[in-house]
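[1] Okay, sequence plus prediction incoming.
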Amino acid sequence: MLESEPMEVIRDAIEWIGTESGRFAFTIAPYLLVGLVGLYVLWLLVGYLRVSQVGLGEGRGTQAAVPLPALDDVPADQPRGVPYCGADHLQYPLGARFCTACERDLLIDCANCGATSPASEPSCYRCGAPTGEPPRELHA
Ligand SMILES: [Zn+2]
Ligand SMILES: [Zn+2]
């Protein structure tokens, strides 16, 4: 009998769902789905924050870019401890991470030793001084 074949399959499937493993799969599936959707929403949120220049966890409003007089195209001319864009030489307030003009990661010159690191780094890779922190103790 060919007609009994599909019925057998369906009955087998129902029995399998009734087993522990089947129940486990059906219990976990919605959570997996919710997790994936959550990750997607988080990804969208992070993308939005990047574009809108609002730092994560920071209640700052919009941060206006300050155009610099074009002196030289040498990044070393940037004042130390101020986040800036290496491409179009815009300065940003402390805490800024991305250029509003070109969306590049901002750079920051160490206030202590002048080494250039990404503005997202909490401290200088070279001397360990906190980025953006003025060297207060130097002339004591
Ligand atoms: Zn830029
Ligand atoms: Zn340094």
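    That came in fine, so what should we check first? Keep in mind the model is a prediction, meaning the values are calculated, not measured. Ligands and ions are numbered 1, 2, ... in the order given.

[2] Run through this structure and note the low-pLDDT ranges.
    Within the chain, the segments meeting pLDDT under 70 span 1-4, 22, 53-63, 68-77, 132-140.

[3] in it, which spans are helices?
    If you assign secondary structure with DSSP state H, the helices in the chain sit at 4-18, 20-52.

[4] Which positions in the longest one come out as buried?
    Taking 16 or more other Cβ atoms under 10 Å as the neighbour-count basis, helix 20-52 is seen to contain the buried residues Leu49. C-beta coordinates here come from the backbone N, C-alpha and C atoms, glycine included.

[5] That one packs against which elements?
    Other helices and strands packing on helix 20-52, by 3 or more Cβ pairs under 8 Å, 6 or more residues apart in numbering; DSSP states H and E, are helix 4-18.

[6] tell me how far the helix it packs on is from the chain's mean position?
    Between the mean C-alpha point of helix 4-18 and the mean C-alpha point of its chain there is a distance of 48 Å (Cα atoms, centre = their mean, to the nearest Å).

[7] go on, stretch 102-122?
    For stretch 102-122, the separation from the chain centroid amounts to 16 Å (computed by Cα atoms, centre = their mean).

[8] Quick one: check it for contact with ligand 2.
    Yes - if you take Cβ under 5 Å from the ion as the test, stretch 102-122 does meet ligand 2, through Cys110, Asn112, Cys113, Ala115.
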